[in-house]
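**Q** Below: sequence and its predicted model.
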Amino acid sequence: MTNTVQQILQSAKQQLDTSSDSSSADAEILLCHVLECDRAYLYTWPEKKPGQNQLDRFQALLQRRLQGEPVAYLIGQRSFWDFKLSVSSATLIPRPETELLVEQALIHIPENSHGRVLDLGTGTGAIALAIAHERPACQVIAVERSESARLMAEKNISQYSQGNVQLQAGDWFSALEQQTFDVIVSNPPYIAEQDPHLQQGDVCHEPRTALSAGIDGLDDIRHIIAQAGSYLGPNGWLLIEHGYDQAEAVKHLFLKHGFTEVSHANDLSGHPRISSGCYKKQHQG
């Protein structure tokens, strides 16, 4: 009977091998969640036998994972930066490449800056919280149009914010009333409507409105770049995460709308993932 920690992991990994590229990690994360332990416990006490209720809970989660449901949704959280953020099926799951967006934004925010930063489409609040954590003297405004996503962001902000993150309801710039910012960041929807990746892996379980934006995936990026200049102070920066094959199109949009010093940063796979540009014109109000 597969009832020791070691046996449970072996069985789960074998089952997940056919449906997951991370079967070992998936099994370990789910079992740690049920046992309320860390990974070291699993290998320190391989002969431990979980209780029947724990076994039942683990098997229920395993079956959902076998159906393709993301691990982050199953356990209700995802690690990002220095946080364990609450997530739900109403939010995009924070990904490692989005930490690159934070890193690039921090380059343009001096350590002791008292500046203003805007995070458009904040979702779980991941980007806003990471920037606020690293630049505690800054004021960070996080905007999200989805009410259910805002509930997750509120939960995360209440847990991790140092008091310098403000969450607002709104569709991109709609609720900002001529405010200006030193840096604007966004990880907007950027997948093309017919992209087959929308039907694969974790993505097919995530909210479509947080993923897809028009025929070429650039509708929201076009809107953000076109409007951003009106909300940036002199020499303000806009940074956007985008698809691996969209850097040239995004660069063209930056240049079209008056941005200079346009560049991109590559993710760990070597793909251009973050584009940025500086808006040097004086804000006209």
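**A** Structure's in. What do you need?

**Q** all strands of this structure, in order?
**A** Along the chain, the segments classed as strands by DSSP state E run 77-80, 83-86, 116-120, 139-144, 165-169, 181-186, 232-241, 260-266, 272-279.

**Q** Residue 97: which of those strands is closest?
**A** Within those, the stretch nearest residue 97 is strand 272-279; the backing value is 5.3 Å (CB to CB). In short, each C-beta sits where N, CA and C put it, glycine included.

**Q** Buried residues, stretch 108-116. List them.
**A** For stretch 108-116, burial by neighbour count (16 or more other CB atoms under 10 Å) applies to 108, 109, 113, 115, 116.

**Q** Please report how far residue 216 lies from residue 243.
**A** 10 Å (CB to CB, to the nearest Å).

**Q** Then residue 90?
**A** From residue 90 to residue 243 the distance is 23 Å (CB to CB).

**Q** is it true that residue 257 touches residue 229?
**A** Yes - the criterion here is CB atoms under 8 Å, and residue 257 meets it with residue 229 at 6.1 Å.

**Q** what number of residues lie near the closest residue to residue 249 other than its chain neighbours?
**A** Leaving aside its sequence neighbours, residue 249 sits nearest to residue 218 (CB to CB, 6 or more residues apart in numbering; 6.1 Å). Neighbours of residue 218 under the rule other CB atoms under 10 Å: 21.

**Q** from memory residue 218 sits against residue 246, does it?
**A** Yes - taking CB under 8 Å as the definition, residue 218 is a contact partner of residue 246 at 6.7 Å.

**Q** Give me the common contacts of the two.
**A** Counting by CB atoms under 8 Å, 6 or more residues apart in numbering, the residues touching both residue 218 and residue 246 are residue 190.

**Q** okay if I get the strands of the chain as JSON lines plus distance to residue 98 and mean pLDDT?
**A** Shown next, in JSON lines, are the strands of the chain (distance: least, CB to CB, whole Å; pLDDT from 0 to 100):
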{"stretch": "strand 77-80", "distance to residue 98": "7", "mean pLDDT": "89"}
{"stretch": "strand 83-86", "distance to residue 98": "11", "mean pLDDT": "91"}
{"stretch": "strand 116-120", "distance to residue 98": "11", "mean pLDDT": "96"}
{"stretch": "strand 139-144", "distance to residue 98": "14", "mean pLDDT": "95"}
{"stretch": "strand 165-169", "distance to residue 98": "16", "mean pLDDT": "94"}
{"stretch": "strand 181-186", "distance to residue 98": "10", "mean pLDDT": "96"}
{"stretch": "strand 232-241", "distance to residue 98": "6", "mean pLDDT": "94"}
{"stretch": "strand 260-266", "distance to residue 98": "12", "mean pLDDT": "94"}
{"stretch": "strand 272-279", "distance to residue 98": "9", "mean pLDDT": "94"}
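
**Q** Residue 49 - how many residues pack around it?
**A** Residue 49: 14 neighbours (other CB under 10 Å).

**Q** residue contacts, it?
**A** Contacts of residue 49 by CB under 8 Å, 6+ apart are 3, 4, 5.

**Q** How much space separates the first one from residue 54?
**A** Residue 3 sits 10 Å away from residue 54, going by CB to CB.

**Q** re the thing from before, more neighbours, residue 216 and residue 243?
**A** Comparing residue 216 with residue 243 by other CB under 10 Å, the one with more neighbours is residue 243, at 20 against 17.
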